[in-house]
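S.K.: Here is my input, please return the structure:
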Amino acid sequence: MDPARAEAHVDGLRYTDLVAGYYLGASEATLSAIADFSIWFFAWDDRHDRDAVHGRDAAWSDLCEDLHRSLDAPASHQHHADPLVAAFADCVQRMGAPAGPGWRARFARHFHPVIDAYDREFGNRTGATVPPVDEYVELRRLTFGHEIWLDLLEVVAGAELPAEVRQHPAYRAAGLACQDFSAWYNDLCSLPKEIAGDEVHNLGISLIRHEDLTLETAVAEVRKRVEGRVTAFLEAESEVTRLAESLAAEGGERGNGLRNAVLSCVGNMRNWFPAVYWFHHESGRYRVDHWSDPALPPYVNDSDGRPAAAPHAPQEDR
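M.R.: Predicted structure coming up:
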């Protein structure tokens with residue numbers, strides 16, 4: 001967005017409201033950092049779309065390389081020439097500030113594949129390739145950033161969970177369910193604008209192309225899958241609660257601390273459901289019928305070249 005578009009559209013997009021609904025209990029500094037990161041994700045997604053539409057392959061490749069470097073060394077990229085890279089570095093620094101080096105390394109380990117998955121999507125988009133349903137589901141779990149948003153639950157809870165908790169089948173099932181719900185509900189609400197924009201990455205579009213479903217039956221199938229993730233979460237949630245209580249039964253400060261952290265994490269997993277539902281019915285991002293061109297969001301700077309505010313990074317910064 002340029003400043004005039006931001007002034008006109010940012011309140012209606014509701015980006016700043018979204019994170020507040022699913023990271024309850026966060027400090028003001030942490031909530032602000034995660035909210036800025038969420039806004040950054042939307043901006044990155046829009047850059048991805050416009051670079052694909054205009055065939056800016058080299059610019060996109062440069063951006064991916066710079067994001068990888070920024071993820072590994074955010075402090076040295078906060079003044080990068082491309083605002084999208086600089087903002088990413090800033091968010092990574094601020095989100096990781098309350099956490100330890102182990103958490104920060106895990107966050108980077110989880111986000112590098114997200115960048116690569118976006119790059120795979122770029123290739124699919126420019127080649128007009130619609131991935132099969134199962135392949136799409138796995139790709140979507142990366143491009144939505146499932147592991148990233150789950151990692152951030154721990155920052156909000158103020159405790160890094162041990163691997164045996166994070167990898168517990170019930171904890172994994174609850175986390176996967178809340179993130180799949182969010183990604184697939186986004187697909188459901190994005191379907192009109194993504195069909196209009198010749199997008200190839202949407203669960204509904206994959207179902208239409210590879211399962212020979214009509215638009216109506218594809219929408220019904222996505223709804224069914226979304227509802228199934230709600231049921232799966234509720235089943236896993238009760239088991240995660242029992243896990244938390246068993247940790248407290250170990251006694252001591254560590255046991256009680258882990259119990260509280262796990263309950264905070266699973267409680268905020270639950271919060272993703274209403275927050276995501278509300279956002280998609282309030283944000284102007286999905287009101288395609290109000291746009292003059294359903295394929296082009298009115299808040300996006302759609303210049304033929306890279307936006308003037310986002311030049312290539314200077315060589316010495318790489």
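S.K.: Flag every buried residue along stretch 195-205.
M.R.: Across stretch 195-205, burial judged by 16 or more other Cβ atoms under 10 Å covers Ile195, Gly197, Glu199, Val200, His201, Asn202, Leu203, Gly204, Ile205. For the C-beta atoms, the positions are set from N, CA and C on the backbone; glycine is no exception.
S.K.: which SS state does the closest residue in space to Gly123 that isn't next to it in sequence fall under?
M.R.: The shortest distance from Gly123 to any non-neighbouring residue, by Cβ to Cβ, 6 or more residues apart in numbering, is to Thr129 (7.6 Å). Counting by DSSP: H, G, I helix; E, B strand; the rest coil, the backbone at Thr129 sits in coil.
S.K.: Just the pLDDT for Thr129.
M.R.: At Thr129, the pLDDT value in this model is 96.
S.K.: which among the buried residues of stretch 195-205 gets closest to Asp36?
M.R.: His201 (24.8 Å; Cβ to Cβ).
S.K.: Tell me which residues touch that closest one, please.
M.R.: His201 makes contacts with Glu121, Asn124, Arg125, Val130, Pro131, Tyr136, Leu139, Arg140, Thr143, Glu194, as judged by Cβ atoms under 8 Å, 6 or more residues apart in numbering.
S.K.: isn't Ala159 right up against Ala261?
M.R.: Yes. When contacts are counted by Cβ atoms under 8 Å, Ala159 is listed as touching Ala261 (3.7 Å).
S.K.: which one of these two has more residues nearby?
M.R.: Taking other Cβ atoms under 10 Å, Ala159 and Ala261 do not tie; Ala261 has more neighbours (22 against 19).
S.K.: which intervals of the protein have sub-threshold pLDDT?
M.R.: 304-318 (pLDDT under 70).
S.K.: Nearest residue to the middle of it?
M.R.: Phe144 (4.0 Å; Cα atoms, centre = their mean).
S.K.: Leaving out sequence neighbours, find the closest residue to it.
M.R.: Spatial nearest neighbour of Phe144, chain neighbours left out: Ala183 (4.1 Å); criterion: Cβ to Cβ, 6+ apart.
S.K.: again, but for Leu263
M.R.: Ala244 (5.0 Å).
S.K.: got it, and Arg5?
M.R.: Nearest non-adjacent residue to Arg5 (Cβ to Cβ, 6+ apart): Tyr299, at 5.0 Å.
S.K.: Just the element for that neighbour, please.
M.R.: If you go by DSSP states H and E, Tyr299 is not part of any helix or strand.
S.K.: and it, what are its phi and psi?
M.R.: Per-residue torsions, Tyr299: phi -90, psi 0 (degrees, to the nearest 10).
S.K.: Okay, it and Ser292: tell me how far apart.
M.R.: According to Cβ to Cβ, to the nearest Å, Tyr299 stands 12 Å off from Ser292.
S.K.: More neighbours: those two, which one.
M.R.: Tyr299 (19 against 6).
S.K.: mind listing what that one touches?
M.R.: Met1, Arg5, Ala6, Ala8, His9, Val10, Leu13, Gly284.
S.K.: which one of the buried residues of stretch 195-205 sits closest to Val266?
M.R.: Out of the buried residues of stretch 195-205, the member with the shortest distance to Val266 (by Cβ to Cβ) is Leu203, at 25.3 Å.
S.K.: show me what contacts that closest one?
M.R.: Going by Cβ under 8 Å, 6+ apart, the list of residues near Leu203 reads Val133, Tyr136, Val137, Arg140, Trp184, Asp187, Leu188, Val222, Arg225.
S.K.: Could you measure from it over to Pro297?
M.R.: Leu203 is 21 Å from Pro297, by Cβ to Cβ.
S.K.: Over to Asp116?
M.R.: Per Cβ to Cβ, Asp116 is found 25 Å from Pro297.
S.K.: neighbour-wise, which of those two wins?
M.R.: Pro297 (23 against 14).
S.K.: What's the first helix or strand after the lengthiest helix in the chain?
M.R.: Secondary structure of the chain per DSSP state H: the longest helix is helix 215-248. Proceeding N to C from helix 215-248, the next assigned helix or strand is helix 252-282, under DSSP H and E.
S.K.: Give me the buried stretch members for that next one, please.
M.R.: Buried-residue list, helix 252-282, by 16+ other Cβ under 10 Å: 255, 258-273, 275-277, 279-280.
S.K.: Likewise for stretch 109-119?
M.R.: His110, Phe111, Val114, Ile115, Ala117, Tyr118, Asp119.
S.K.: and the third one, which of the three is it?
M.R.: Local secondary structure at Val114 is given as helix here, using three-state DSSP.
S.K.: what's near enough to touch it?
M.R.: Contacts of Val114 (Cβ under 8 Å, 6+ apart): Leu142, Thr143, Gly145, Ile148.
S.K.: Dump these to CSV, plus distance to Ala97 and neighbour count.
M.R.: As requested, the contacts of Val114 are exported to CSV (distance: Cβ to Cβ, whole Å; neighbours: other Cβ atoms under 10 Å):
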residue, distance to Ala97, neighbour count
Leu142, 25, 20
Thr143, 26, 21
Gly145, 19, 22
Ile148, 16, 18
